[in-house]
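> attaching a predicted model along with its sequence, questions to come.
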2 protein chains.
Amino acid sequence: MAYNIPVEATLDVIGGKWKVVILCHLIKGEKRTNEFKKLMPRITQKMLTQQLRELEADGVVKRKVFEQVPPKVIYSLTDYGWSLKPILDNMCSWGESHIEINGEEVVS
Amino acid sequence: MAYNIPVEATLDVIGGKWKVVILCHLIKGEKRTNEFKKLMPRITQKMLTQQLRELEADGVVKRKVFEQVPPKVIYSLTDYGWSLKPILDNMCSWGESHIEINGEEVVS
DNA sequence: CAGTATCCCGAGGGATACTG
DNA sequence: CAGTATCCCTCGGGATACTG
């Protein structure tokens, strides 16, 4: 509400500290919570949950809970979330072409 | 340095609180400081200067000072900054198509 | 394994005043 | 007009412990 420029609406959805990173990972496929933790070694449990909940509330991420022990939760993009793909793809490739990557933390 | 995923490099450059908004305005043409203030009524002088300085340090924004009284400063995109255009265009149009805009503060 | 609940610190950023 | 300098306070977010 009351944006001064439309792009602020976009930032409302993907502007969070970790949201773009999370979404970029989800473009490559659905993920479990622990997978996110390994892909983002610096994120805390608290922030991970928080960012995912906000993305879910905005309708771009879907959360599927498997009722079992131990618990299993899978996150994926919604159709609405996939509409962000062009933006995310562009951001990813811009980063790839403008910076050298350091792969020190690619845990399997 | 030491990114876990390339897109973090992109976020380093455009991830600031107001940077995407500033860059979107610059895509439509160079701007003076006061123009920014009118386009972004909620930004403070401090934040405006700070974000512009960081964009300048990252080489995406160019600052041109006219030595005169009263002072005149014009900001514009560098060639490097223009390489972000596809991302910014996508973000702008996504916002346009997904949210209704409120134009209450379009001062001339 | 996935998530919630507390505690708590520090810096991000607002408000204000001043300068060239 | 454009920018710097202070003061100061909120709250983002880290660390830790606990639950289903």
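Sure thing, it's come through.

> rest of the way, CA atoms for contacts and neighbours
Will do.

> tell me which stretches of chain A form strands.
In chain A, the strands defined using DSSP state E lie at A:31-32, A:61-66, A:72-77.

> could you count how many residues lie near A:C24?
The tally of other residues near A:C24 (other C-alpha atoms under 10 Å in any protein chain shown) stands at 20.

> and it, how far is that from B:V13?
Using C-alpha to C-alpha, to the nearest Å, A:C24 is found at 17 Å from B:V13.

> what do you get for A:N90?
For A:N90, the distance to B:V13 equals 14 Å [C-alpha to C-alpha].

> also A:L11?
As for A:L11, its distance to B:V13 is 15 Å (criterion: C-alpha to C-alpha).

> mean pLDDT added to the strands of chain A, as a markdown table?
Shown next, in a markdown table, are the strands of chain A (pLDDT from 0 to 100):
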| stretch | mean pLDDT |
| --- | --- |
| strand A:31-32 | 98 |
| strand A:61-66 | 97 |
| strand A:72-77 | 98 |
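
> tell me the most buried of those strands?
Greatest average neighbour count among the strands of chain A goes to strand A:72-77 (a mean of 18), per mean count of other C-alpha atoms under 10 Å in any protein chain shown.

> give the pairing partners of that one; include direction for each.
Sheet pairing of strand A:72-77 (DSSP bridges) gives strand A:31-32 (antiparallel), strand A:61-66 (antiparallel).

> what's the pLDDT at the most centrally placed residue in chain A?
In chain A, the centroid-proximal residue (C-alpha atoms, centre = their mean) is A:I22; its distance is 2.0 Å. Note on A:I22: pLDDT of 98.
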